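In: Quick one, structure for this:
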Amino acid sequence: MKIGIIGTGAMGSIYASFFARNGFQVTCYDIWKEHINAINKNGLRLSGASGDNTVHEIKATSEFNDLRDHDLYILATKGDSVGNAASKLSNLNIENSIVLTIQNGLGAAERISKYMPTENVLLGVAQGFGASITSPGHAHHNGMSMIRIGEINGGITERLNKVVNAWEKAGFTSKGFQDIQQLIWEKFLCNVAYSGPCSVFGKPIGEILADDNMKTVSLGCALEARKIGDYKKINFTFEDTKKYVIDFGNKMPFSKPSMLQDVEAKRKCELSSINGMVVTLGKELDIDTPYNTVVTSIISAREKNYLKWTI
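Out: Have a look, this model is predicted:
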C-alpha cells in the first residue's frame, strides 16, 4: 500500500516513520522546506515513546503532484488547513483512493466537502498522543494510545477494516468505530478544555489543573462545548464532563497542547477548529459561550499581533 501523508508536522512525522519502518511506501508532503530537506538528506528521526529511530526509506516533498497514485492519503494538517489540502487533492485522480483526515477539533469533513466529494473520506481520532518537532527532520512523541477510525456517516465497512489493518500492520493500536462522531466530540471537549486555556495562561495541562482559577476556566470551556454537543444529540459515553476532562488531563500533566506550542513559537494556531469553533457554533445555535469567547478573543489578539511581525 502506498501512503501519502499531507502535513508532516509532529503527528504526520510519527505516522510517516511508523508506516515506512513497517514496509509501506511513504511519501510525505509539507510546505516547510527545511524539514523536508532534512528528511531527504538525513532521514526522519523519531524519538520518544517508541525509542529512537531514523528512517531513510521516505520520500519527502514540497511538490503536491508527487502525491499522485497513492492508495491512502492521511491528512495530518492543522484543522484550518484541511480545506486547502482537499482543494489540492481534488486535482489528483483519487477515485480509487481512501482519504483519512485526523485533526484536533471539529469541522474537517465540512471543510473537505467544499472542494471534493466525501464518499471516500474517513475520519480519525488520535488518542493519547503527545508530539512535538524538536528540529527539522526530528520529531518527538511522549506516548500514543490508539488511532480510532470511522465512516463519516457511521457503520463498519470493508474499507474501514482495510485501513484499520494497515495502521495495525504499521505498529499502531487501531480500531474501527460505529460512531466516530461520538469519539470526535469526546476528544473535542478535552481539546477545548486545555488547548485554549493552556495557551492563554502559558502553562502545561498539569499546572492548569493544579490552580483553582485556571481550572475553573478550563472546565468552563469544556462545559460550554458539552452543552452544544448535547443540543446536537451527540451520544456521549459519560455524564460527568468535569470528571472526564480532569481524568484525561491527569494522564498527561506535563503535556503542552499543540495550540500552546504554536503560540509560543509565534505560529498560526488551530483556534478556529477548537475553542473558536465553540464560539461559532454557540452563535449559530443561540447558546452562550462566555468562557470560550474570552479565551478565543485573547488568543486571537495575541496571534494577530505576533503574526503581523512575521509576515
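In: and the closest residue to Y231 other than its chain neighbours, how many neighbours does it have?
Out: Nearest residue to Y231 in three dimensions, chain neighbours excluded: L285, at 5.8 Å (Cβ to Cβ, 6 or more residues apart in numbering). Quick note: C-beta positions are derived from backbone N, CA and C, even for glycine. Burial of L285 is recorded as 12 neighbouring residues (other Cβ atoms under 10 Å).
In: Over to the one 10 residues further on?
Out: The criterion is other Cβ under 10 Å. On that basis, V295 has 28 neighbouring residues.
In: pretty sure it contacts S218?
Out: No - judged on Cβ atoms under 8 Å, V295 makes no contact with S218 at a distance of 9.4 Å.
In: Pull up the overlap in contacts between the two.
Out: Here V295 and S218 have P197 as joint contacts, going by Cβ atoms under 8 Å, 6 or more residues apart in numbering.
In: Now L281. Nearest residue, chain neighbours left out?
Out: That would be I228: by Cβ to Cβ, 6+ apart, it lies 5.0 Å from L281.
In: Who are the packing partners of the strand or helix carrying the one you found?
Out: Assigned by DSSP states H and E, I228 belongs to helix 212-231. Under the contact definition 3 or more Cβ pairs under 8 Å, 6 or more residues apart in numbering; DSSP states H and E, helix 212-231 sits against helix 180-201, helix 205-210, helix 241-250, helix 275-285, helix 290-307.
In: Please name the residues that touch the most far-flung residue of the chain relative to its centre.
Out: Most distant residue from the mean C-alpha position of the chain: D212, 28.2 Å away (Cα atoms, centre = their mean). Neighbour list for D212: empty [criterion: Cβ under 8 Å, 6+ apart].
In: for A49, same thing?
Out: Going by Cβ under 8 Å, 6+ apart, A49 touches H141, N142, G143, M144.
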